[in-house]
Structures are given as C-alpha cells and as structure tokens.
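Student: sharing a model that was predicted from the sequence below.
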Amino acid sequence: MRLPFMLAGVLTATAVAAVPKDLRLLEDGRIPTSFSLVGFRQTAYLEAVGAFERARRTRQPVRGGACEPTFMGVTTGAFTKANVKQTAVVYSYCDEYAGAGSTNFQQAVGILENDQLVRTIDLNEETRGFLVTSVRDVNRNGFSELLLTWGGAWQGETYGELNLVELGPRGPRLLKTFDDAWSNCAQDMHLPRVERAPVYYVRPGTRPTFFVEVYERPCLPITASGDRENTAPYRRTTALKALK
C-alpha cells in the first residue's frame, strides 16, 4: 500500500520471483491506494457509527473546541464475532492541538452488523491508522484482522508503518508491525534518491509466519512536475525472507 503523499506509479517490476504456494499476499507496497473507494458514502458511514456524537461529546473539554469526525476507511470481515459478517468503519473524532507541542488525537472503529452499530472500540497509538484493509484470519481463530497504515514525512523523507490488529471480543490487540513504503525523493542532496517498497506475505497458522521481499526504483528528478507519475520499473533488492 503506497502512502497518499508519495508518487503513484505503475507496477512494472523487472522480475517476479517465485513465492511458495502456501504463502498469502498480505501487502504490496508497489501498488498505489485510492481514497475514493466509498465516495459520498463517507458521511453516511460516520453517521451510522455515531462519530458526530462522539466528536460533540469530546469537543467540550478540549481547548479550542474544534473536534470533528474524519473518515479513515471502511472494510468488511468478522472482527469481533468469529465467522460473522461485519463492517468496520475507522474514523478519528478529535485531532485538536492540546498545547505544549502535543495534540489530542482520538480514533475509533465502529462495528456494523446489518447496517446497525453493535460496538465501538477506541484505538491507541499502537493500533491507529489512516488507511485500513481487512486481512483474512492469519492465526486461524475465526477473526479477521485489520491492517492499518500510519506514516508521515520529515526532511525530505516519507515513511509508513503497517499495524496488523485483531479486535476480537476483548478489544484491539497488536499482532505485528511492519515498515511500509519509504522514499527520500524530496531530498535535494548528493545521495541516491529512491522509492523503496516492501511486499509482505504470511503463512497462516496458529502461530503465523511473516515474510518480506523489498523492491526499489529511482525517484523522478526533482525538477519534474509534481503531477507526473513515476513509471520506472521496480528492481528487487532483498530476496524473500522470513521476519523474526
């Protein structure tokens, strides 16, 4: 999953390595992600999970009173009840400056069954994200997991983090954290400027095993237009290996 602030590109890897058949693709950092999957339904989802009411209640004790809900993503799976079809709506309901260089960032996931809210779960720093996809039960216990993307930019670098989270009946539990796509394309320095994209796989089981291979390609020239796509082919730089 490519971060939204990174240059989108076409998946044109120069070579595709054979992957064992018992591995399942978890995340491909070479493929751009779209924010427009649900379009105008975002407000309807926020209303369905009570995000506006949560923001209103939180607004009172927060300095400035500017808490507003923000849609982060929606996906389907069996998140809090094994093998039950559910919809998970991830949203923030407060992102307000709290003084002393800190912010009051509150994020939650609303669980819907048959379009009815059945549970609201607060997320913490380990389990947050601004993009979300569902993962099909990597540890064979009947629950789908959430894969949440988090990231930012600093001094010409962009970086991301993937949090694999199981909600279950007891609330969020972090199963694994991965590095997401990274680049230093905005650095105007005499260094190699590259986009790095990991591709993650999982071997499901009661104790799942995770694998990664890494691809890179050169950045566009700094003088290139910001609207121009990077269509350079990716080159595999790290062969498939198991993660600890």
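Tutor: Happy to help now that I have it.
Student: identify the residue nearest Leu220 in space, chain neighbours excluded?
Tutor: Asn230 (5.1 Å; Cβ to Cβ, 6 or more residues apart in numbering). (Glycine included, C-beta is placed from N, CA and C.)
Student: for Arg170, give its distance to Gly205.
Tutor: 21 Å (Cβ to Cβ, to the nearest Å).
Student: run through the bridge partners of the residue nearest to Leu220.
Tutor: Gly9 (DSSP bridges).
Student: now swap in Glu161 and tell me
Tutor: With DSSP bridges as the rule, Glu161 is bridged to Trp150, Asp179.
Student: partner strands of the strand ranked longest in the chain, with direction?
Tutor: Ranked by residue count, the top strand of the chain under DSSP state E comes out as strand 86-99. The strands that strand 86-99 pairs with in its sheet are strand 70-77 (antiparallel), strand 102-113 (antiparallel) (by DSSP bridges).
Student: what residues sit buried inside stretch 54-61?
Tutor: Neighbour counts over stretch 54-61 (16 or more other Cβ atoms under 10 Å) mark Arg54, Ala55, Thr58, Arg59 as buried.
Student: restricted to helices, list those.
Tutor: Among those, the residues falling in helices (DSSP state H) are Arg54, Ala55, Thr58, Arg59.
Student: tell me which two of those residues sit farthest apart.
Tutor: Arg54 and Arg59 (9.6 Å; Cβ to Cβ).
Student: show me the contacts for the residue nearest to Thr76 when sequence neighbours are not counted.
Tutor: Using Cβ to Cβ, 6+ apart and skipping residues adjacent in sequence, the residue nearest Thr76 is Thr87, 5.3 Å away. Contacts for Thr87 (Cβ atoms under 8 Å, 6 or more residues apart in numbering) come out as Val74, Thr75, Thr76, Ile111, Leu112, Glu113.
Student: and if you look at Asp137?
Tutor: Ala78, Phe143, Ser144, Glu145, Pro204.
Student: and the pLDDT at it?
Tutor: pLDDT, Asp137: 95.
Student: ok, Glu126 next?
Tutor: So, for Glu126, pLDDT stands at 80.
Student: give the helix, strand or coil label for it.
Tutor: coil (DSSP: H, G, I helix; E, B strand; the rest coil).
Student: from Leu191, how far out is it?
Tutor: Glu126 is 32 Å from Leu191, by Cβ to Cβ.
Student: tell me which of these two has more neighbours.
Tutor: Legend: neighbour count by other Cβ atoms under 10 Å for Glu126 and Leu191, higher for Glu126 (13 against 9).
Student: can you list the residue ranges for helices in this structure?
Tutor: Under DSSP H, the chain gives helices at 42-48, 51-59.
Student: what sits opposite the closest residue to Thr237 other than its chain neighbours in the beta ladder?
Tutor: Counting by Cβ to Cβ, 6+ apart, Thr237 lies nearest to Glu216, which is 4.9 Å off, once chain neighbours are set aside. With DSSP bridges as the criterion, Glu216 is bridged to Arg196, Arg235.
Student: what about Glu216, neighbour count?
Tutor: 17.
Student: then Asn124?
Tutor: Count around Asn124 with other Cβ under 10 Å applied: 10.
Student: so it sits against Gly171, correct?
Tutor: No: Asn124 is not in contact with Gly171 according to Cβ atoms under 8 Å; the separation is 9.8 Å.
Student: quick one on the thing from earlier: quick one: which of the strands paired with strand 86-99 is nearest Cys185?
Tutor: strand 70-77 (25.0 Å).
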